[in-house]
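Peer 1: next come a sequence and a model predicted from it.
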2 protein chains.
Amino acid sequence: MRGFAVSEYETRLARAQSMMAAQGLAALLLTTEAEIRYFTGFLTRFWESPSRPWFLVVPAAGKPVAVIPRIGAALMAQTWVSDIRTWSSPDPVDDGVTLLSDTLNEAAPHGRIGIPAGPETYLRIPQADWERVKASVTGTFVADGAITARLRAIKSETEVEKIEMACAIAGRAFARVPEIATEQRPLSSVFRDFQRLLLEEGADWVPYLAGGAGPNGYGDVISPATDAPLQRGDILMLDTGAVYDGYFCDFDRNFAITNATTTAMESHQCLIDAVDAAAERAQPGTTAAELFHVMDTIVTGGVGGPDTGRLGHGLGMQLTEGLSLIPQDNTALVPGMVITLEPGIETVGGRIMVHEENIVITETGNRFLSPRADRDLTVLQ
Amino acid sequence: MRGFAVSEYETRLARAQSMMAAQGLAALLLTTEAEIRYFTGFLTRFWESPSRPWFLVVPAAGKPVAVIPRIGAALMAQTWVSDIRTWSSPDPVDDGVTLLSDTLNEAAPHGRIGIPAGPETYLRIPQADWERVKASVTGTFVADGAITARLRAIKSETEVEKIEMACAIAGRAFARVPEIATEQRPLSSVFRDFQRLLLEEGADWVPYLAGGAGPNGYGDVISPATDAPLQRGDILMLDTGAVYDGYFCDFDRNFAITNATTTAMESHQCLIDAVDAAAERAQPGTTAAELFHVMDTIVTGGVGGPDTGRLGHGLGMQLTEGLSLIPQDNTALVPGMVITLEPGIETVGGRIMVHEENIVITETGNRFLSPRADRDLTVLQ
């Protein structure tokens, strides 16, 4: 099924308004893609264009009010939102500033207006316009206490199904990597072909692909592909965030080209062991920090993770969102959280291997959403 | 060629520093993907993750200073930037705030620090952290006068080559649409397959695809595809922003499924005529508003554009950037600007067709970067 039943949005809204009441907030102002989609279902790739601001006002009672460029009116009208206020954007004189200010003054004339202010948030509005909004609004802007982030961290069953669908799509694409990755194929071609496989297997689109290749691992995990051909003995890693109906998977797979060194094979087994140990521990009440330490003990002996700084994170409407598996994050797991387990290991000086799986926390423990990789490193002949 | 010669970055920096001097700016602070890449060449899809902030400080003299999460250090070290300061991110206590503040206090201890504040910009840092940075910095943040946007608006020859490469890739993919779009194919499959064609023809990735299908046109141009099958007589439109080496094309094509109505055929001819008339006029000194009126006169008789609000825009490192072809934008064209010509027309009540091409402004006029569409609507048999 595409999208969500209206009841899902009603639930999200009711929870947000309950949290708003607890904080004395008269309204929420949201400006970014995931935040606006969470409360509306407004799904479009048009956010790729930076040229227009988009706003959603969540009042203390009643449905959200969309304050958006006219180009989005038809699509927003297909959602459950009924109060849709538009202007012709871009407008170099007043790009929604007055319409937004009027809407906020109506919803929260003298109240506290919550804005996302914590980790992973930003205000998607030009600073000059933001100053004008602040000057025009009779209420007061305050941090929203991460209401939207806290709600998004715990997925509904339907949300989990969408992530699981994305994971299954990527799993089928990974199973077909032998078709595209052979000695002498340029890494850039492998990247292109893997995105094609993801689409063929059902991804709506492929916002994220990273990876690397080299003897006994790769130098980092965020570089774009070069045209360097795969060599016998290389470890190839592909890490994808593929999207199904607006929800991400985020996991990777490692492959040895033609043959694998003992170092690479043992490193891979160590990574799988770390994931298994974390999955053994992950259940309601376990903290993000505990999962970090479980894996870190196995991959480094407990002296700290690789340069990524974390060994996993939440995911959902965004490639990464919510908690981090780091020593400083004491967030306790809750049923409905979807997280990645992503240990990394230094194989030889300056080279790493990273393995990643996706799990959902259940009432009694957890369940893998990604099809689990074999402990033995796959060798592509 | 991938990337740019160091001399290109040196030129960009020298121009920025000259504009900074004219405005009395001691430093620029940049926080978003395109802005940071413009001065560094730091190209990665990792920006898809919202979890970490990234900063670039451009001092009044000397090279830019990168203040970035450690996970990006290896890739940044491959650019021409030599002063790379990192921290282990995400850090829930201090996610780069102190490191950034110290860097700014060193570069501009009591000076004016420019931040992008105008159209299409935002500060990619959580509001709570931004307040802390403002409190820690001894200098003063001011609007930067759109220095980076003004520089980016005028492309170098190498930048134009990359956009032209992206356009050629998309052109080859559009030529293969007959392979994928036939009666009864679901629109969602056509979207998937078209992304696959773009990859096969050489796109690094496909950040943007939109479109629509229906009798005599479509309802809007930003909705995701549904599973509805293509019907005889539908007009199918595909609009893509495909990327080659970090630069976008942005153009579309319309196709009639099996047969075309006179309305659709004449509408398409009208759109081509509008593009031709704008291309006839586009040269240094012509304003964005003039191009709007040239096209609007042809597609509406001069009563205003469709709900898109504009009939074209700049493009380059982003899908849309810079000027808008609207009545209120009096920006004069300059050699090196790359823009889209994107007229829309209402075919029947509530339905539109949109056509788009990409051109670069030259010393004497302009040159098409996208392979020009035929005036006659293509009918897929």
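Peer 2: Nice, thanks for sending it over.
Peer 1: pLDDT below threshold where in chain A?
Peer 2: A:304-308 (pLDDT under 70).
Peer 1: what about 80?
Peer 2: Low-confidence segments of chain A (pLDDT under 80): A:304-309.
Peer 1: residues of the stretch 151-300 of chain A that sit close to chain B?
Peer 2: Within reach of chain B by CB under 8 Å from any CB of the partner chain, the stretch 151-300 of chain A has these residues: A:188, A:191-193, A:195-196, A:199-200, A:202-210, A:219-224, A:226-227, A:241. For every residue, glycine as well, the C-beta is placed using N, CA and C.
Peer 1: select only the buried ones of those residues in PyMOL?
Peer 2: Here is the PyMOL command that picks out the buried ones among these, judged by 16 or more other CB atoms under 10 Å in any protein chain shown:
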select buried, chain A and resi 188+191+192+193+195+196+199+202+203+204+205+206+207+208+209+210+220+221+222+223+224+241
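Peer 1: just the ones of the residues of the stretch 151-300 of chain A next to chain B in helices?
Peer 2: If you go by DSSP state H, those have A:188, A:191, A:192, A:193, A:195, A:196, A:199, A:200 in helices.
Peer 1: isn't the third one right up against residue B:199?
Peer 2: Yes: using CB atoms under 8 Å, residue A:192 and residue B:199 qualify as a contacting pair, with a distance of 4.7 Å.
Peer 1: work out the gap between the host helix or strand of residue A:360 and the centre of the chain.
Peer 2: Element membership for residue A:360 (DSSP states H and E) is strand A:357-361. Remark: strand A:357-361 is offset 13 Å from the chain centroid, using CA atoms, centre = their mean, to the nearest Å.
Peer 1: tell me what it is packed against?
Peer 2: Helices and strands touching strand A:357-361, by 3 or more CB pairs under 8 Å, 6 or more residues apart in numbering or on different chains; DSSP states H and E, are helix A:157-175, helix A:262-281, strand A:338-341, strand A:366-368.
Peer 1: out of the ones you listed, the one nearest residue A:301 is which?
Peer 2: Set against residue A:301 and scored by CB to CB, the helices and strands packed on strand A:357-361 come closest in helix A:262-281, at 10.7 Å.
Peer 1: which positions in the closest one come out as buried?
Peer 2: In helix A:262-281, counting by 16+ other CB under 10 Å, buried: A:263-264, A:267-268, A:270-272, A:274-279, A:281.
Peer 1: all helices for chain A, in order.
Peer 2: Going by DSSP H, chain A shows helices at A:6-23, A:33-40, A:73-76, A:97-107, A:127-136, A:147-153, A:157-175, A:187-200, A:262-281, A:288-300.
Peer 1: want to throw those into JSON lines with distance to residue A:317?
Peer 2: Shown next, in JSON lines, are the helices of chain A (distance: least, CB to CB, whole Å):
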{"stretch": "helix A:6-23", "distance to residue A:317": "12"}
{"stretch": "helix A:33-40", "distance to residue A:317": "4"}
{"stretch": "helix A:73-76", "distance to residue A:317": "17"}
{"stretch": "helix A:97-107", "distance to residue A:317": "23"}
{"stretch": "helix A:127-136", "distance to residue A:317": "24"}
{"stretch": "helix A:147-153", "distance to residue A:317": "7"}
{"stretch": "helix A:157-175", "distance to residue A:317": "8"}
{"stretch": "helix A:187-200", "distance to residue A:317": "18"}
{"stretch": "helix A:262-281", "distance to residue A:317": "23"}
{"stretch": "helix A:288-300", "distance to residue A:317": "19"}
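Peer 1: so which of these gets nearest residue B:35?
Peer 2: Of all the helices of chain A, it is helix A:127-136 that lies closest to residue B:35, at 13.3 Å by CB to CB.
Peer 1: who are the packing partners of that closest one?
Peer 2: Using 3+ CB pairs under 8 Å, 6+ apart: helix A:127-136 touches helix A:97-107.
Peer 1: got the contact list for the helix it packs on?
Peer 2: Helix A:97-107 has contacts (CB atoms under 8 Å, 6 or more residues apart in numbering or on different chains) with A:26-27, A:29, A:55, A:57, A:59-60, A:65, A:67, A:85-87, A:113, A:129, A:132-133, A:136-139.
Peer 1: switch the cut-off to 7 Å
Peer 2: A:26-27, A:29, A:55, A:57, A:59, A:65, A:67, A:85, A:87, A:113, A:129, A:132-133, A:136-139 (CB atoms under 7 Å, 6 or more residues apart in numbering or on different chains).
Peer 1: now stretch A:255-272
Peer 2: Applying CB under 7 Å, 6+ apart, the contact partners of stretch A:255-272 are A:177, A:181, A:183, A:216, A:230-236, A:254, A:298-299, A:343, A:345, A:347-348, A:353, A:355, A:373, A:375, A:377-381.
Peer 1: which among those end up buried?
Peer 2: Judged by 16+ other CB under 10 Å, buried ones among these: A:177, A:181, A:216, A:230, A:233-236, A:254, A:298-299, A:343, A:345, A:347, A:353, A:355, A:373, A:377-378, A:380.
Peer 1: can you list the domain ranges for chain A.
Peer 2: A:6-153, A:157-380 (automatic domain parsing).
Peer 1: got TSV for the ones you listed, with distance to residue B:248 too?
Peer 2: Listed next are the domains of chain A as TSV, based on distance: least, CB to CB, whole Å:
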stretch	distance to residue B:248
domain A:6-153	9
domain A:157-380	15
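Peer 1: looking at these, spot the one closest to residue B:147.
Peer 2: domain A:6-153 (14.1 Å).
Peer 1: so how far does the closest one reach from one end to the other?
Peer 2: End-to-end distance for domain A:6-153, by CA to CA, to the nearest Å: 20 Å.
Peer 1: now the phi/psi pair for residue A:94, please.
Peer 2: In terms of degrees, to the nearest 10, the main-chain angles of residue A:94 are phi -150, psi 90.
Peer 1: that one: how many residues sit nearby?
Peer 2: By other CB atoms under 10 Å in any protein chain shown, 14 other residues sit near residue A:94.
Peer 1: now the closest residue in space to it that isn't next to it in sequence: how far from residue A:72?
Peer 2: Distance criterion CB to CB, 6 or more residues apart in numbering or on different chains; nearest residue to residue A:94, sequence neighbours excluded, is residue A:87 at 7.7 Å. Separation of residue A:87 from residue A:72 (CB to CB, to the nearest Å): 11 Å.
Peer 1: ok, now residue A:109?
Peer 2: Counting by CB to CB, the gap from residue A:109 to residue A:72 is 27 Å.
Peer 1: which of these two has more neighbours?
Peer 2: Taking other CB under 10 Å, residue A:109 and residue A:72 do not tie; residue A:72 has more neighbours (23 against 12).
Peer 1: and for the more buried one, nearest residue in space, chain neighbours not counted?
Peer 2: residue B:222 (6.4 Å).
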